[in-house]
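Chemist: With the sequence up front, the predicted model follows.
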Amino acid sequence: MKRGGLFDQLIRTYALILLITMMILSAMLYQLMQSYFYNETENVLLDRGREINLILNDYQNKVISSDVLTYELQSIDRSTNTRIWVVDTRGVIFTETGPIGERFGGIRLTEGEIKNVLNGQTVVKRGYFGGRFKMPMLTVGIPITTEKGITGAIFMHSPIRSITQTMMGVFHLVLFSAIISVITAAVLIYFASRRISIPLVQMGRAATDISSGNFDIQLDESRNDEIGELAHALNLMARDLGNLENMRSSFVANVSHELRSPLTSIRGYITGILDGTIPGEDREKYLNVALQESKRLTELINDLLDLTQIQSGQQPLNMTEFDINEVIRITVIKLEYRLNGKGIDFIPRFENDTLAVYADKARIEQVVYNLMDNAVKYSAQGCSIWVRTFKNKGKAYISVKDNGSIIKQEDLQHVFERFYKGDKARTDTSSGLGLSIVKSIIDQHGESIDVRSKEGDGTEFVFTLKAI
């Protein structure tokens, strides 16, 4: 895979997404954990404060001694890593716990530090508590309540560092788990990106091969997703382009052959006349043959131009309403001389005298003429031709049937192809494009045409038009 290709772009994109996601999640997780641990510590200190309040009530009621009081306070200190101050109503610390070198017994707190607690409020602060501590503390102050009312305050100081250490321990554990998850995700993304990029690279190479004229490709279509659908589309396109190229080559070869035959004849006759090979009394005869060959050549070129213009859409349809039965009657008049010459019996079978359709009249006249001309051409002396029209579910059906020679079953699917050499698809005196032109005109109208041929029943062409 080339550097900077789709695979590298996918990896970089996924890596950037993971990095941004990790940063956002880490920041949010840190804030959430900080809030959680501070709130939990505050709740623990409040619970211990209420417990100390009960112990102080027992002490004031002389239920326990001062030694028991000190022991209980020190037990709470050790279990919660909290320094405890018991303050009287004057703000003087008369009982405390903590290291011997950091005792504040007898110190009087300021009015701002004690006032709100003595008024019955619970106070929560973070900091150095007036500079009395060397490290930041989470301080919770609650009033001491007895039967006589508020008799003092309890201040509990928990080092923020210990809270942070606990929080960071959990945070690091979660972060480590997240990193393991990211690494796992990165490995999965790597293989997923390869699974996406490798088929696309193969498709790119296949597209290059197709553009170079190599249509013999086969991509894996087994994936049940958009990539599998794309591979199927490319395979189908390659097959269609290959078929189209074969048709193009065959078409060029056929056109070359069809053009060469009359040109060779014309050249041969003219050369024979000029060099005296053809005697004078036969010149008119062979000039007439050359004329007929030139007419055949003109017919072929005109048919080719018509077919090309129709299939390329250079001749847009001029849609009008007209009577298809009248078109058939006019066509019979045009072919009357040939019908009589072969003793062919024309049998019309119209459901109604008129059948209005919406189509390009000139083009449909060409379709009807080609089909009837084809029927006359391949009908033997004394045969019959039936033309039937009827209407069904908004469609007009036009059938042209003869009881002449049939088309072999293996040739039926090819009769509308240009220059197809079936028993009844063309002859040496036809351009071989009549039925191709018919099919192209009907397709341009968005309608359908079918052919049936069976021994003893003859050959029938049926096409549809929009009925009015």
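Modeler: In hand now; what should we look at?

Chemist: And the helices in the stretch 1-150 of the chain?
Modeler: Applying DSSP state H, counting those that start in this stretch to the stretch 1-150 of the chain gives helices spanning 6-60, 66-80, 111-118.

Chemist: Same question for the stretch 351-468 of the chain.
Modeler: Under DSSP H, counting those that start in this stretch, the stretch 351-468 of the chain gives helices at 361-377, 409-412, 434-444.

Chemist: Could you provide these in JSON lines, with additional columns for distance to Val332, mean pLDDT and mean neighbour count?
Modeler: Heads up, the C-betas are built off the backbone N, CA and C, glycines and all. Formatted as JSON lines, these follow (distance: least, C-beta to C-beta, whole Å; pLDDT from 0 to 100; neighbours: other C-beta atoms under 10 Å):
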{"stretch": "helix 361-377", "distance to Val332": "7", "mean pLDDT": "91", "mean neighbour count": "20"}
{"stretch": "helix 409-412", "distance to Val332": "26", "mean pLDDT": "82", "mean neighbour count": "13"}
{"stretch": "helix 434-444", "distance to Val332": "18", "mean pLDDT": "88", "mean neighbour count": "21"}
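
Chemist: one step back: and the helices of the stretch 1-150 of the chain: which comes nearest Ala396?
Modeler: Nearest of the helices of the stretch 1-150 of the chain to Ala396, taken as C-beta to C-beta: helix 6-60 at 54.0 Å.

Chemist: just to revisit the earlier point, find the one among the helices of the stretch 1-150 of the chain with the highest mean neighbour count.
Modeler: Ranked by mean neighbour count, those are led by helix 111-118 with a mean of 16 (mean count of other C-beta atoms under 10 Å).

Chemist: Which strands or helices does that one pack on?
Modeler: Packing partners of helix 111-118 (3 or more C-beta pairs under 8 Å, 6 or more residues apart in numbering; DSSP states H and E): strand 137-146, strand 149-159.

Chemist: Ok, which of those comes nearest Val462?
Modeler: Nearest to Val462, of all the helices and strands packed on helix 111-118, is strand 137-146, at 94.8 Å by C-beta to C-beta.

Chemist: which of the residues in the closest one are buried?
Modeler: Met137, Leu138, Thr139, Val140, Gly141, Ile142, Pro143, Ile144 (16 or more other C-beta atoms under 10 Å).

Chemist: Verify the stated contact: Gly106 with Glu96.
Modeler: No - applying C-beta atoms under 8 Å as the test, Gly106 and Glu96 come out as separate, 9.7 Å apart.

Chemist: Which one's more surrounded, these two?
Modeler: Glu96 (21 against 9; other C-beta atoms under 10 Å).

Chemist: Domains of the chain: list them as residue ranges, please.
Modeler: Using automatic domain parsing, the domain ranges for the chain come out as 6-98+108-164, 226-311, 318-467.

Chemist: Format those as JSON lines; extra columns: distance to Ala192.
Modeler: Listed next are the domains of the chain as JSON lines, based on distance: least, C-beta to C-beta, whole Å:
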{"stretch": "domain 6-98+108-164", "distance to Ala192": "8"}
{"stretch": "domain 226-311", "distance to Ala192": "12"}
{"stretch": "domain 318-467", "distance to Ala192": "45"}
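
Chemist: how about stretch 323-337: buried residues?
Modeler: Buried residues in stretch 323-337, defined by neighbour count with 16+ other C-beta under 10 Å: Asp323, Ile324, Asn325, Val327, Ile328, Thr331, Val332, Leu335.

Chemist: would you say Leu200 is within a helix?
Modeler: Yes - membership of Leu200 in a helix is supported by DSSP: H, G, I helix; E, B strand; the rest coil.

Chemist: in the sheet, who's paired with the nearest residue to Ile150 once chain neighbours are set aside?
Modeler: Leaving aside its sequence neighbours, Ile150 sits nearest to Pro143 (C-beta to C-beta, 6 or more residues apart in numbering; 4.7 Å). When bridges are called by DSSP bridges, Pro143 pairs up with Ala153.

Chemist: Let me see the contact set for Pro143.
Modeler: For Pro143, the contacting residues are Val117, Leu118, Asn119, Gly120, Gln121, Thr122, Ile150, Gly152, Ala153, Ile154, by C-beta atoms under 8 Å, 6 or more residues apart in numbering.

Chemist: 7 Å instead, please
Modeler: Contacts for Pro143 (C-beta atoms under 7 Å, 6 or more residues apart in numbering) come out as Val117, Leu118, Gly120, Ile150, Ala153.

Chemist: is it possible to export those residues to TSV including pLDDT and distance to Ser75?
Modeler: Shown next, in TSV, are those (pLDDT from 0 to 100; distance: C-beta to C-beta, whole Å):
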residue	pLDDT	distance to Ser75
Val117	91	23
Leu118	91	26
Gly120	91	27
Ile150	91	25
Ala153	94	21
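
Chemist: what bits of the stretch 151-300 of the chain have low per-residue confidence?
Modeler: 247, 250-251, 254-255, 257-258 (pLDDT under 70).

Chemist: Quick one: the helices in it, in order.
Modeler: Per DSSP H, counting those that start in this stretch, the stretch 151-300 of the chain carries helices over the ranges 160-211, 226-274, 283-312.

Chemist: Let's have those helices in TSV, adding mean neighbour count and distance to Tyr378.
Modeler: TSV is the format used below for the helices of the stretch 151-300 of the chain (neighbours: other C-beta atoms under 10 Å; distance: least, C-beta to C-beta, whole Å):
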stretch	mean neighbour count	distance to Tyr378
helix 160-211	14	41
helix 226-274	14	19
helix 283-312	15	18
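
Chemist: Tabulate those in TSV, adding columns for distance to Glu102.
Modeler: Formatted as TSV, those follow (distance: least, C-beta to C-beta, whole Å):
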stretch	distance to Glu102
helix 160-211	15
helix 226-274	70
helix 283-312	99
